[in-house]
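Colleague: return atomic coordinates for the entry below.
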Amino acid sequence: MFSAETYIKRREQLCKDIKTGLILIQGNTDSPFSYPANTYSFRQDATFLYFFGIKQQDFWGVLDCETGKDWIFANDFSLDDIIWMGDVPKVKTLAAKVGVKNTGSMSDLQTFVDNAVKKGQKIHFLPPYRAEGQLALSHLLGIKTCHLKAYASLDLINACVKQRSVKSEEEIVEIEKAIETAYLMHTTAMKMAKPGFYEYEVAGRMEGIALEAGGPVSFPVILTINGQTLHNHEHGNKLKKGRMMLADAGCENLAGYCSDITRTTPVGGKFDQRQKEIYEIVLDANLTATRNAKAGVRYLDVHLKACTALVSGLKDLGLMRGSVADAVEAGAHAMFMPHGLGHMMGLDVHDMENYGENNVGYDKETPRSTKLGQSGLRMGRKLQPGFVVTNEPGCYFIPALIDKWKAEGICKDFINFEKVEAFKDFGGIRLEDDILITKTDARVLGKSIPKTVAEVEEMCAK
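Modeller: Reported below is the predicted structural model:
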């Protein structure tokens, strides 16, 4: 938790941007795992955490833009709650820690909102993303759940994106703490990338390291020898020599900030020639992106620079052909890299995407492209100092996608399908860093996690 002054300033800025009406910010509630009392680990809503800082279930925040007053509504623990879950500070005590003077119960919130509606005040709220949140908001506002998204406030979405996109120095400190834990997660995985281990043993060790550091993983660990499947959460395979282990994982720290790192390691600790050649191409794309990312540059253009590096390398290997520029313009790289370069990161690993991907990653100046090779990019808008984005190019040989493109002749002038056929057993490689955009360049955050061929092989040998 930051100082009360930090949260006060954030809420004041939000009210200035919205100007009129009532802002309703909904905290999360428990979500059942298999029956009501057996719940998933609680995770506070990132927007509530950003503006109110309290990691407690069933809290709501309200801001009146016209008076500048703010409230926290929640119920104090009953004796039964205390018996099962222990005592916690009173709502008023928690509110005071984040600079909120006004508090009330959940029944008070209903009365408060009803009175605001009667007075004709506009109620600004964000689109809820959990079923429990939808039901609670529907009951509070009298709006059917199917209509909540349509009634959500675009003004509030834009104001939150504007403020949360630029990370403060104290936020960067927290993100780097999460990357410090990710360093240990990934270097441990590299040391375990040996024939005979199962994927679940490595993934379990990585998750355990995150929990030991005080926070959960920031998303379910992606760890697989089948790296051609972009989000592979299956962990049942035994590691075998000749395969590569792709590990895409990060953690949350105690303040709720995230890390998101990907490394690809040869099982057995040594790259063979084919693996090394593709790996070096992906590494070049990763380094190219970092060199080109800076304030005032569209991340779409950085994405295209990385794709150009990818195509150039694949052409040198004979897997692609023709003009590199024309191939990128045609989107031919998308068969090898069907996703975009990266996304925002902060309190959520895909920061603010609950507001709508296009609302976060694009704007009027840079609308989302529908072109092949560009449409999958989550974040394309112009970079600003203080943005934290992921830089995660990859190269994948997906048999079903190769077969489709070959059968339909997609980009046949740029892809040597005959040579690509020999790579159907290859899998995939992705390399991901979390980078901070400064006034002059981009900085890879946190302790340097082994990334070159030599660094990875050296760590595997430890």
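Colleague: list the contacts of residue 170.
Modeller: 2, 6 (Cβ atoms under 8 Å, 6 or more residues apart in numbering). Yep, even glycine has a C-beta here, placed from its N, CA and C like the rest.
Colleague: so what does it look like in phi/psi?
Modeller: Main-chain dihedrals, residue 170, degrees, to the nearest 10: phi -70, psi -30.
Colleague: pLDDT score assigned to it?
Modeller: As predicted, residue 170 sits at a pLDDT of 97.
Colleague: where do the helices sit along the stretch 1-150 of the chain?
Modeller: Using DSSP state H, counting those that start in this stretch, the helices of the stretch 1-150 of the chain run over residues 4-18, 46-52, 79-85, 91-97, 106-118, 131-141, 148-151.
Colleague: what's the most buried one of those?
Modeller: Mean neighbours per residue, mean count of other Cβ atoms under 10 Å, is largest over those for helix 46-52, with a mean of 24.
Colleague: who are the packing partners of it?
Modeller: Taking 3 or more Cβ pairs under 8 Å, 6 or more residues apart in numbering; DSSP states H and E as contact, the helices and strands that helix 46-52 lies on are helix 4-18, strand 22-26, strand 60-64, helix 154-165.
Colleague: ok, now with 6 Å
Modeller: When contacts are defined as 3 or more Cβ pairs under 6 Å, 6 or more residues apart in numbering; DSSP states H and E, helix 46-52 packs onto strand 22-26.
Colleague: what about the strand it packs on, distance to the chain center?
Modeller: Centroid displacement of strand 22-26 relative to its chain, using Cα atoms, centre = their mean, to the nearest Å, is 24 Å.
Colleague: and the angle for it with strand 60-64?
Modeller: With axes from the mean of the first three to the mean of the last three Cα atoms, to 10 degrees applied, the angle from strand 22-26 to strand 60-64 works out at 170 degrees.
Colleague: strand partners (parallel or antiparallel) of strand 22-26?
Modeller: Here strand 22-26 is paired, per DSSP bridges, with strand 60-64 (antiparallel), strand 123-125 (parallel).
Colleague: I'd like the average pLDDT over it.
Modeller: For strand 22-26, mean pLDDT rounds to 98.
Colleague: now swap in stretch 30-43 and tell me
Modeller: On average, stretch 30-43 scores 92.
Colleague: start the count at 6, not 1, going forward
Modeller: New numbering, starting at 6: the last item is stretch 35-48.
Colleague: lowest-confidence helix or strand of the chain?
Modeller: Ranked by mean pLDDT, DSSP states H and E, the helix or strand of the chain with the weakest confidence is helix 84-90, at a mean of 90.
Colleague: now stretch 207-222, how far from the chain's geometric center?
Modeller: Its chain's average C-alpha position is 17 Å from that of stretch 207-222, according to Cα atoms, centre = their mean.
Colleague: now stretch 27-47
Modeller: Relative to the centre of its chain, stretch 27-47 is centred 20 Å away, using Cα atoms, centre = their mean.
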